[in-house]
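Asks: When you get a sec, could you give me coordinates for this:
(2 chains)
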Amino acid sequence: MQRRKFLSLVGLGAVAMSAAPVALSATDWRADKPDVWTAHSVDDAIKAMFGSKAITEGDVTVTTPDVAANGGAVPVNVKSGIKAKTVSVFQDANPESAVIVFDCNEYSIINYDMKMKLKSVGEPITVTCVVEGTDGKLYLGKRTLDVALGGCEG
Amino acid sequence: MKVKAKLKNGVVSVKCMAKHVMTTYDIAAKQTGNRDDANFITHISASVNGKTVWEASTSQFLAKNPIFKYKFSGVGAKGDKVEMHWVDRKGKTGKGKGKIK
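Replies: Residues are numbered from 1 along each chain as shown, chains lettered A, B, ... in the order given. Below is the predicted model of the structure:
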């Protein structure tokens, strides 16, 4: 079955190649800044991503339920009106704090919904979103919630 | 992967789902005893008419079969396709597309 799939991919070589460049020209923050993804605390992850730049609370809204019933899939929305270069989301419950880094361009509207795993650690946890503006400044928004059970252990 | 896109008032709203086990290192250690068996999407992106409209580098902490919603404007008309692509930790890729309605 897998060989057939591979052969059909080769056959569609031309189409596959035209799809590839989107990924090739993309920014891969995991490759560019590996320390961000291994950092345990939110502060360390932010420092690994941006250095010791000043961050101010700004037009960044993080929305989650007050209590996440299923820690394996917590709905999180981040919204901002700021013209951004990147949008990063961190949390302080899981073994590592970085969850996702979005790259933004002239077409982007910052209103992202995602479902993330959040570990239940017996106390409220905070999801932090840092928006890196095209003005070079960093803006932050956060949201604290409770996670009922489950989490990144599934 | 499934991609649904709607154009309204100049803004395209997309809802998409990637089918992926998204196992964390801890989950992999529990399942097979080997942390390196963990597999999760590491990069995902979307483009319309060759222009990137959404892009993210991702960690082990997204949910299984992750669903994303995002919006963009300035490119894409009804009938155009939103093409999506993801890569995971083991180098496997996935893709999907949806017509803007």
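Asks: ok, stretch A:26-42 near chain B or not?
Replies: Yes - Stretch A:26-42 lies within reach of chain B by CB under 8 Å from any CB of the partner chain, at A:26-30, A:37. Where you see a C-beta, it was placed from the backbone N, CA and C, and this is true even at glycine.
Asks: Quick check, central residue of chain A?
Replies: When chain A is reduced to its mean C-alpha position, the closest residue under CA atoms, centre = their mean turns out to be A:Ile100, at 1.5 Å.
Asks: show me where chain B has helices.
Replies: Shown for chain B, the helices assigned by DSSP state H span residues B:25-32.
Asks: about what we covered before: these two touch, right, the residue nearest to the centre of chain A and B:Ala56?
Replies: Yes - look at A:Ile100 against B:Ala56 with CB atoms under 8 Å: they come within range, at 5.2 Å.
Asks: Now the common contact residues for these two.
Replies: Counting by CB atoms under 8 Å, 6 or more residues apart in numbering or on different chains, A:Ile100 and B:Ala56 have no shared contacts at all.
Asks: Considering only helices and strands, which part of chain A has the lowest mean pLDDT?
Replies: Comparing helices and strands within chain A by mean pLDDT, DSSP states H and E singles out helix A:13-24 as the least confident, with a mean of 40.
Asks: for chain B, same thing?
Replies: Comparing every helix and strand of chain B by mean pLDDT, DSSP H and E singles out helix B:25-32 as the least confident one, with a mean of 94.
Asks: That one close to chain A?
Replies: Yes - between helix B:25-32 and chain A, judged by CB under 8 Å from any CB, the touching residues are B:25-27, B:30.
Asks: and the closest residue in space to B:Lys64 that isn't next to it in sequence, what is it in contact with?
Replies: Leaving aside its sequence neighbours, B:Lys64 sits nearest to B:Met22 (CB to CB, 6 or more residues apart in numbering or on different chains; 4.7 Å). Applying CB under 8 Å, 6+ apart, we find B:Met22 in contact with A:117, B:39-41, B:60, B:62-66.
Asks: now A:Gly133
Replies: Applying CB under 8 Å, 6+ apart, we find A:Gly133 in contact with A:82-85, A:139.
Asks: again, 6 Å this time
Replies: A:82, A:84 (CB atoms under 6 Å, 6 or more residues apart in numbering or on different chains).
Asks: before we move on, the earlier item: spatially, which two of the residues of helix B:25-32 next to chain A are the most separated?
Replies: Put simply, by CB to CB the two of these set farthest apart are B:Tyr25 and B:Lys30, 9.9 Å from each other.
Asks: Neighbour count: those two, which is higher?
Replies: B:Tyr25 (18 against 13; other CB atoms under 10 Å in any protein chain shown).
Asks: ok, now which ones touch that one?
Replies: Here B:Tyr25 is in contact with B:35, B:38 (CB under 6 Å, 6+ apart).
Asks: Could you list the low-pLDDT ranges of the chain?
Replies: Picking chain A for this. Applying pLDDT under 70 to chain A picks out residues A:1-25, A:149-154.
Asks: circling back to that earlier point, which helix or strand lies directly C-terminal to the least confident helix or strand of chain A?
Replies: Following the chain from helix A:13-24 toward its C-terminal end, the next helix or strand by DSSP states H and E is helix A:29-32.
Asks: List of residues touching that next one?
Replies: Outside of helix A:29-32, the residues within contact range by CB under 6 Å, 6+ apart are A:37, A:101, B:42, B:57.
Asks: what residues are up against residue 28?
Replies: Going with chain A. B:43, B:57.
Asks: hm, I was asking about chain B
Replies: Counting by CB under 6 Å, 6+ apart, B:Ala28 touches B:35, B:37-38.
Asks: Likewise for B:Asn49?
Replies: Contacts for B:Asn49 were tallied using CB under 6 Å, 6+ apart; there are none.
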